[in-house]
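In: With the sequence up front, the predicted model follows.
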Amino acid sequence: MNVGFIADAIPIYGRAIIVTLRIAVLGILFSLVIGVICGLVAYCKMKAVDKLTRGYIELSRNTPLVIQLFFLYYGLPKLGVMLSNEACAVIGLSFLGGSYMAESLRGGLEAVSKVQVELGLSIGLDTFQLIRFVVFPQAMAVAVPALGANCVFLIKETSVLSIIALRDLMSVTKELIGMYYNTTESLLLLVVCYLLILLPVSFGLTFLERRVRYAEFGV
Amino acid sequence: MRNSGFDVLLSLNNLRRLMLGLGGTLEIAAVSVAVSVILGVLCGFAMMSKNRAVYALFRVYLEAFRIVPILVWLFLFFFGSAIVFGANLEGWFVSVLVFSLWGTAEMGDLVRGTVLSIPAHQWQSAEAIGLTPWQVRRFVIIPQTLRRIAPSAINLVTRMVKTTSLVVFVGVTDILRVGKQIIEFNMMKNPMASFWIYGFIFLIYFLICYPISRFSKKLEEKWSY
């Protein structure tokens, strides 16, 4: 184990972590936006749009991120759509994550019993109030564990981004192994970096899950 | 269709090569799924053992594969094999190994969760009407377990098929690599090739995974309790 090499490599890995995190955070945020829209469309059964979002969800859930990225990064420029690799990464991740978030949200929304909606209406709430105060809090209690699992899933999926020449953890590792043959150290740093990102997220989500479960039983 | 570059897909030779690449990927998926199902069932029963140490061991194994991305595992085995075994493992072998280890862990957890979800009164009533332990399993527990596990197990298969797209990272000649070769070969003649080839690969993956996940959803609806 070459300690000097590890000390030298830490700043490089630090920069790569930031790239990975930036893409992951942006991707998760946009996924949530797409997910909320598609989830609401499915819940409210808007006829025309529902078909469209259904198609999107099936398309994105049944194709791997690597293939989506290849198409976005190498295929689309031929149609005149030029995207930087970071933009591609965020778009790809949101395209993938949006459908997962939508499915989790829909599951949560559908778990709210019809009686709750009818009662809300009967005490004179308007649609916004109904969603804001009655449906949403109860749906979140059911959906948060799944949404959290999606976040972890999306962070893990960022590992394939090196395929579109993004300097993330994987490409840095591959580079260092290729240049200096310090395989053990590079791989160790790679795993440590991913654990540094994923373990706190995973623990935080367990905590959050307990909080919303508490809300669920408090009703 | 002149100059649209679509004809790159109409060339029989190109299509044949893409399909061969796809075959390689699906072969990895099929072998890993088969290994995962067999070992996963064994692993699932082992996980139900009363022994705390055995359970803890499987838990660590499962969580390790859940928390660390599969691609990182591929790298660990691909680059790490030389250090541990003193020999390079081939990309194909590394892929099958990693996917099987992952699939076994996931499948084991599914089996454990499903068998435990069968209510205790099913065991008790079966014994009460005089079935032998073997008959209890054969006619009561296994049929119910199979029904409950089928949708999520099939779901795991689609996840594994999608994950096999990662083999390109460890140098396996899969459909993506073949596509790349075709695009580079046609670079001058047909600059539009990358759009069609990658679009085609995108569609192929969808056409493989969609029916499987559709089937799993159907089963779920049909057998939901």
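Out: Perfect, I can see it now.
In: Can you name the helix or strand that A:Arg167 falls in?
Out: Under DSSP states H and E, no helix or strand contains A:Arg167.
In: Next up, the contacts around residue 169.
Out: All of this is about chain A. Counting by C-beta atoms under 8 Å, 6 or more residues apart in numbering or on different chains, A:Leu169 makes contact with A:13, A:16-17, A:20, A:159, A:190, A:193-194. Placement of C-beta: from N, CA and C, glycine included.
In: Actually, chain B is the one I wanted.
Out: Applying C-beta under 8 Å, 6+ apart, the residues near B:Phe169 are A:160, A:163, A:170, B:71, B:74-75.
In: Which of those residues fall in strands?
Out: In strands, defined here by DSSP state E, there are no members of the contacts of B:Phe169.
In: Columns neighbour count on top of those, output as TSV?
Out: Below are those laid out as TSV (neighbours: other C-beta atoms under 10 Å in any protein chain shown):
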residue	neighbour count
A:Val160	27
A:Ile163	25
A:Met170	25
B:Leu71	24
B:Leu74	24
B:Phe75	26
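In: Among the residues you listed, which lie within helices?
Out: Judged by DSSP state H, helices contain the following of these: A:170, B:71, B:74-75.
In: my guess is A:Ile67 contacts B:Leu203, does it?
Out: No. With contacts counted by C-beta atoms under 8 Å, A:Ile67 stays clear of B:Leu203, the gap being 9.5 Å.
In: Phi, psi for residue 88 please.
Out: All of this is about chain A. Phi and psi for A:Cys88, reported as degrees, to the nearest 10, are phi -60, psi -50.
In: oops, chain B please
Out: Residue torsions, per degrees, to the nearest 10, at B:Asn88 are phi -80, psi 130.
In: cool, and A:Asn182?
Out: Main-chain dihedrals, A:Asn182, degrees, to the nearest 10: phi -90, psi 70.
In: List the residues that contact it.
Out: A:2, A:5, A:9, A:176.
In: any chance of these in a markdown table, plus distance to chain B, pLDDT and neighbour count?
Out: Below are those laid out as a markdown table (distance: C-beta to the nearest C-beta, whole Å; pLDDT from 0 to 100; neighbours: other C-beta atoms under 10 Å in any protein chain shown):
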| residue | distance to chain B | pLDDT | neighbour count |
| --- | --- | --- | --- |
| A:Asn2 | 13 | 78 | 12 |
| A:Phe5 | 15 | 84 | 16 |
| A:Ala9 | 15 | 86 | 21 |
| A:Leu176 | 11 | 89 | 22 |
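In: Go through the worst-scoring helix or strand of chain B on mean pLDDT and flag the buried ones.
Out: Every helix and strand in chain B was compared by mean pLDDT, DSSP states H and E; the lowest is helix B:7-10, with a mean of 72. Buried residues in helix B:7-10, defined by neighbour count with 16 or more other C-beta atoms under 10 Å in any protein chain shown: B:7-8.
In: Packing partners of it?
Out: Helix B:7-10 sits against helix B:193-222, with contacts defined as 3 or more C-beta pairs under 8 Å, 6 or more residues apart in numbering or on different chains; DSSP states H and E.
In: Give me the more crowded residue out of A:Ile67 and B:Leu203.
Out: Higher neighbour count among A:Ile67 and B:Leu203: A:Ile67, with 26 against 14, using other C-beta atoms under 10 Å in any protein chain shown.
In: so how far is A:Leu154 from the more buried one?
Out: 16 Å (C-beta to C-beta, to the nearest Å).
In: now swap in A:Val41 and tell me
Out: From A:Val41 to A:Leu154 the distance is 21 Å (C-beta to C-beta).
In: hmm, back to that, what is the nearest of the contacts of B:Phe169 to B:Arg17?
Out: A:Ile163 (20.7 Å; C-beta to C-beta).
In: Hmm, A:Leu69 and that closest one touching each other?
Out: Yes. Counting by C-beta under 8 Å, A:Leu69 is a contact partner of A:Ile163 at 6.0 Å.
In: I figured A:Glu110 was touching A:Lys45, is that so?
Out: No. Look at A:Glu110 against A:Lys45 with C-beta under 8 Å: they stay out of range, at 10.9 Å.
In: Looking only at neighbour counts, state which of the two leads.
Out: Legend: neighbour count by other C-beta under 10 Å for A:Glu110 and A:Lys45, higher for A:Glu110 (14 against 8).
In: Enumerate every residue touching that one.
Out: Residues counted as contacts of A:Glu110 (C-beta under 8 Å, 6+ apart) are A:Tyr43.
In: Can you tell me the element it falls in?
Out: helix A:85-111.
In: continuing past that helix, what's the next helix or strand?
Out: Using DSSP H and E, the first helix or strand after helix A:85-111 is helix A:114-122.
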